[in-house]
Every structure is written in structure tokens, then in C-alpha cells.
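S.K.: next input, structure requested:
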Amino acid sequence: MTQPRILVIRLGALGDFVQSFGPFQAIRTAHPTAHITLLTTAPFVALAGLSPWFDTVEVDPRPAWGNLPALLRLRQMLCGYDRVYDLQTSSRTARYYALAGSPEMWCGHVGRSPLVHANPWRNEMHTRTRQQDQLRGAGLTETPIPDVSWLAGQGPQLETPYVLIVPGASPHRPAKRWPVRRYAELAACLESRGLRPVVVGSGADKPLAVAIKQVCPQVLDLTGQTSLPELAGLAARAKAAVGNDTGPMHLAAIMGCQSVVLFSADSNPALTAPLGRAPGQVCVLSVRDLATLSVNRVAAALS
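M.R.: Below is the predicted model:
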């Protein structure tokens with residue numbers, strides 16, 4: 001008997017990718033003998049490759065629509081599967097459906113497949129709820145809170161109790177950032193409680209870490225020094241994490257870390273908030289303008 005071939009499409013960003021951990025596990029459970037390929041973008045290859053959910057990880061080059069040779073190569077990557085789960089469900093992957101020849105067993109948001117997610121309220125659902133509903137329509141009735149034990153041991157082992165601070169966010173959306181001076185004040189408050197502040201993020205967040213460390217020299221700056229698996233392991237062992245509405249906070253939440261996530265009016269937590277593993281694990285503080293959010297309120301939420 002030929003081994004079934006399954007394709008899963010999840011391109012990013014990080015928060016969305018993490019929200020798909022449960023669906024990834026549900027798909028593997030539903031197809032235990034299948035060869036499952038993930039099509040994703042380069043930043044998530046190492047993370048996906050460590051997981052128990054995929055046999056192969058392919059990188060989507062995201063070619064321009066006018067680049068015919070690249071589109072033909074992408075078409076080869078999309079064809080030949082017994083079933084496709086499009087968890088990205090974007091305008092780009094709607095075109096992928098057409099590029100693949102409109103396959104019959106395509107679980108996504110477009111087309112005439114019996115697996116199409118036709119719920120008219122899908123865009124009003126939180127990411128996790130929407131994906132659960134999408135998979136339920138394809139016959140996958142259970143979407144679990146994912147087992148992430150394969151990530152828990154990753155990253156440096158820090159001896160002292162620590163709290164992760166995530167001061168960055170999308171550079172083109174500055175309204176999503178709590179002022180860095182407030183993070184600096186919060187770091188000093190945490191240090192006075194015997195908790196070491198550990199600043200994490202990409203290399204682009206280094207200036208934020210420097211500014212925080214000028215106020216609280218005890219801060220450990222790990223910006224630009226951790227891979228996504230290493231960041232997940234750090235979060236699993238942290239006392240708590242606090243940060244803006246950004247991907248690393250989703251990773252902290254799914255690892256079971258007590259998390260305080262700061263939202264402005266620039267995004268809607270009802271649709272995109274990080275979700276943890278248990279009730280009360282994630283606290284969302286949502287204000288219209290993050291400049292009005294006090295350090296005392298965030299510190300109290302961390303308590």
C-alpha cells in the first residue's frame with residue numbers, strides 16, 4: 001500500500017506559526033502513517049525540524065507572481081499530495097490552490113473541495129478557534145493543546161530565578177510597543193524582588209536592551225543570541241514573561257510560562273492574543289495607548 005502524502009502550509013509570522021502547534025499535532029495524530037511535509041518560510045525551519053510532527057520541511061521561496069520559472073518550481077512543490085492542509089489561508093495561499101491545479105482534497109478557505117472551510121464567520125474568530133473549526137470540517141474532531149516537551153530542554157540553563165522581557169515588536173507598527181523607559185523601570189522593580197530580568201528578542205532589539213540595562217545593570221541581555229527553540233526552552237524555565245503583542249510572547253505562552261502581554265488599540269486581543277496551556281496563565285493588559293500604561297499596573301499583573 002502506498003504511503004499517504006500530506007502537505008501542511010504554514011508560512012508565518014511567528015505568533016501565527018506557534019498558534020498552529022495544536023493543529024500540527026492533530027494532523028499528525030489523524031495521519032499516523034503518512035509522510036507529512038511542511039511548507040514554511042526560512043525562519044521556522046529549525047523549529048519545525050525539531051518537532052515530531054513532520055517528516056520533511058520545505059522552504060517556500062515566496063516567488064513574485066511574474067517570475068514564471070520560480071512559480072513552476074513552486075507548483076512542483078505543491079502537487080502530488082493526497083491531502084493539503086492550508087493553515088495560512090491568505091491571499092497568497094489562495095493562489096497556491098490554483099497553482100496546484102485546484103486539488104480535490106485541499107483543506108483551506110477557497111475552492112470547491114469538500115474540505116473547504118466555508119464558515120462565514122471565520123475572520124471573526126481567534127486564530128486558534130478558526131483553525132480548530134477548519135480541521136473539524138475536515139474530519140479532525142480533536143485539536144489538542146500541543147505537547148511541547150521536545151522544546152523544554154532547549155537553550156541556556158540560567159541558575160537564578162528570572163523573568164523574560166520582550167520589548168520589541170514589528171518595526172513598522174510602533175504603536176504596539178510599550179515605551180522602553182517603562183520596561184527599564186519594570187526591570188529594576190523585578191530585580192528588587194530577587195528576579196533577574198532577561199531581555200530577549202532579535203538583534204534589531206539590541207538598542208532596547210542597552211537602554212534597559214542603563215537603568216538596571218543587572219539585566220541579562222540575550223537579544224540576538226537565541227534561536228527560536230532556545231527561546232522556547234528559556235521561556236519554559238522562566239518565572240514569567242512580559243512583553244508586547246509579538247511572536248516571542250506566543251512562544252512563552254505555549255511553553256506554559258506565566259505571561260503578561262501588552263496590547264494597544266493597534267491590534268485586537270480577541271483575534272490574536274497569545275493563548276496558554278491553562279486558565280489564568282496568560283494575562284492580557286489592553287489599553288488604547290500603551291504610553292498610558294503604568295509600570296505599577298504591569299508589575300501588579302506579574303505578581
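
S.K.: all helices for this protein, in order.
M.R.: Secondary structure of the chain by DSSP state H: the helices cover 14-19, 21-30, 45-50, 68-78, 91-99, 127-137, 149-152, 180-192, 206-215, 228-237, 247-254, 269-272, 295-302.

S.K.: can I assume Thr246 is in contact with Val18?
M.R.: No. With contact defined as C-beta atoms under 8 Å, Thr246 and Val18 do not form a contacting pair (11.2 Å). (C-beta placed from N, C-alpha, C; glycine too.)

S.K.: still on that earlier bit, dump the helices of the chain to a markdown table, plus distance to Val59.
M.R.: Below are the helices of the chain laid out as a markdown table (distance: least, C-beta to C-beta, whole Å):
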| stretch | distance to Val59 |
| --- | --- |
| helix 14-19 | 14 |
| helix 21-30 | 17 |
| helix 45-50 | 6 |
| helix 68-78 | 9 |
| helix 91-99 | 14 |
| helix 127-137 | 22 |
| helix 149-152 | 21 |
| helix 180-192 | 34 |
| helix 206-215 | 27 |
| helix 228-237 | 15 |
| helix 247-254 | 18 |
| helix 269-272 | 25 |
| helix 295-302 | 38 |
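
S.K.: comparing these, which comes out most buried?
M.R.: Mean neighbour counts were compared across the helices of the chain using mean count of other C-beta atoms under 10 Å; the top stretch is helix 247-254, at a mean of 28.

S.K.: what number of residues lie near Asn268?
M.R.: Using other C-beta atoms under 10 Å, Asn268 is surrounded by 12 other residues.

S.K.: look up phi and psi at it.
M.R.: Phi and psi for Asn268, reported as degrees, to the nearest 10, are phi -110, psi 110.

S.K.: which residues touch Gln154?
M.R.: For Gln154, the contacting residues are Leu50, Ser227, Pro229, Glu230, Ala232, Gly233, Leu234, by C-beta atoms under 8 Å, 6 or more residues apart in numbering.

S.K.: how close does the closest residue to it other than its chain neighbours get to Trp53?
M.R.: Nearest residue to Gln154 in three dimensions, chain neighbours excluded: Gly233, at 3.3 Å (C-beta to C-beta, 6 or more residues apart in numbering). As judged by C-beta to C-beta, to the nearest Å, Gly233 and Trp53 stand 18 Å apart.

S.K.: before we move on, what about Gly80?
M.R.: Going from Gly80 to Trp53 by C-beta to C-beta gives 20 Å.

S.K.: and for Ala70?
M.R.: 27 Å.

S.K.: what does stretch 256-265 rub up against?
M.R.: Defining contact as C-beta under 8 Å, 6+ apart, one finds that stretch 256-265 is touched by 148, 164, 175-176, 178, 235-236, 238-245, 249, 252-253, 269, 273-274, 276-278, 281-290, 293, 298, 301-302.

S.K.: please apply the same query to stretch 143-153.
M.R.: With C-beta under 8 Å, 6+ apart as the criterion, stretch 143-153 contacts 21-26, 29, 50-52, 131-132, 135-136, 229, 232-233, 236-237, 254-256, 277.

S.K.: again, but for stretch 109-117
M.R.: By C-beta under 8 Å, 6+ apart, stretch 109-117 touches 83, 86, 89, 94, 97, 102-108, 122, 130, 133-134, 137-138.
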